[in-house]
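# Fold the stuff below for me.
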Amino acid sequence: MAALKPRPNLLIGLALILTNLFFWGRVLTDLVQPHIVDPLMHPEVKQLLDYIHSGEHSGESWEISMTELQAEQTITWYLKKYPQIPFAYPEVHLTPDYVGGEGDVLISGLRLHVSGQARVTLQDGLPVVEILSLNLPLPPAMRAAIEREIAVQLRRAELLPVRFTSAEWGDGVVVVKGVIR
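Coordinates of the predicted model:
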């Protein structure tokens with residue numbers, strides 16, 4: 001069997017093709033107009049957080065009603081506050097059966113559109129999220145790592161100074177009730 005000879009022209013050609021594909025991908029993703037909303041914290045969320053931070057609470061009940069737009073604006077406000085999170089342009093879809101979301105992630109300078117659906121229930125005063133679908137155009141290993149990180153972040157709900165007593169999901173709106181710990 002003859003030894004394989006190095007073919008520098010083939011390697012250079014493959015590198016040029018991959019580079020070309022990368023830049024065409026960037027051009028095409030930049031053509032899609034992102035879903036842009038103002039970065040505004042929902043007034044009811046701000047009022048609850050201000051009251052919690054005041055330290056003058058002792059087990060009071062609270063209720064927040066939020067539309068899809070208010071959720072998108074609050075998420076955008078949060079992302080602007082934490083620019084190290086590589087996510088932008090959130091779009092939220094609230095239904096009685098699931099919460100849907102989509103937006104863009106920035107990976108190695110490439111903007112990728114992602115989407116997913118989840119069912120959110122409550123257990124022992126904390127949200128439990130069941131991922132129904134997740135559209136991540138990534139290799140399986142990277143996708144699994146991102147799904148694990150989502151699960152880790154959701155477990156942080158135990159640290160919240162509130163517990164949830166109910167969540168009523170409707171078309172385009174959610175009403176969440178709870179108590180301050």
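# make it CA atoms for all contacts and neighbour counts henceforth
Fine.
# quick one, strands of this protein?
Secondary structure of the chain (DSSP state E): strands at 61-67, 87-94, 99-107, 110-123, 126-135, 162-170, 173-180.
# ranking the ones you listed by burial, who's on top?
strand 87-94 (a mean of 21; mean count of other Cα atoms under 10 Å).
# what's in contact with that strand?
34-37, 68-69, 71-72, 75-76, 79, 99-106, 169-174 (Cα atoms under 8 Å, 6 or more residues apart in numbering).
# low-scoring stretches of the protein, by residue?
The model of the chain has pLDDT under 70 over residues 1-6, 8-11, 20, 22-32.
# make it 80
1-33, 106-111, 136-139, 142-156 (pLDDT under 80).
# Residue 169: what's it in contact with?
94, 95, 96, 97, 175.
# which among these gets closest to residue 127?
Proximity of those to residue 127 (Cα to Cα) peaks at residue 175, which lies at 13.7 Å.
# Can you give the distance of stretch 93-103 from its chain's centre?
Mean-position distance between stretch 93-103 and its chain equals 12 Å (Cα atoms, centre = their mean, to the nearest Å).
# First-to-last residue distance for that stretch?
12 Å (Cα to Cα, to the nearest Å).
# and what of stretch 104-116?
12 Å.
# who's in contact with that stretch?
Contacts of stretch 104-116 (Cα under 8 Å, 6+ apart): 25-26, 29-30, 34, 86-90, 100-103, 131-137.
# give me that answer again for 6 Å
26, 86, 87, 88, 100, 101, 102, 103, 133, 134, 135, 136 (Cα atoms under 6 Å, 6 or more residues apart in numbering).
# Adding distance to residue 119, write the contacts of residue 169 out as CSV.
Output for the contacts of residue 169, formatted as CSV (distance: Cα to Cα, whole Å):
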residue, distance to residue 119
94, 10
95, 10
96, 9
97, 7
175, 15
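# Show me which pair in those is furthest apart.
Maximum pairwise distance among the contacts of residue 169 (Cα to Cα): 14.2 Å, between 97 and 175.
# Need the nearest residue in space to residue 36, chain neighbours excluded.
Using Cα to Cα, 6 or more residues apart in numbering and skipping residues adjacent in sequence, the residue nearest residue 36 is residue 89, 5.6 Å away.
# same thing with residue 175?
residue 65 (4.3 Å).
# Wait, the one you found touches residue 177, no?
No - in this structure, residue 65 is not within contact of residue 177 by Cα atoms under 6 Å, at 8.7 Å.
# looking at the strands of the chain, which is closest to residue 17?
strand 110-123 (16.7 Å).
# Pull up the pairing partners for that closest one, direction included.
strand 99-107 (antiparallel), strand 126-135 (antiparallel) (DSSP bridges).
# Quick one: work out the angle between the shortest one and strand 87-94.
It refers to strand 99-107. If you take axes from the mean of the first three to the mean of the last three Cα atoms, to 10 degrees, strand 99-107 sits at 170 degrees to strand 87-94.
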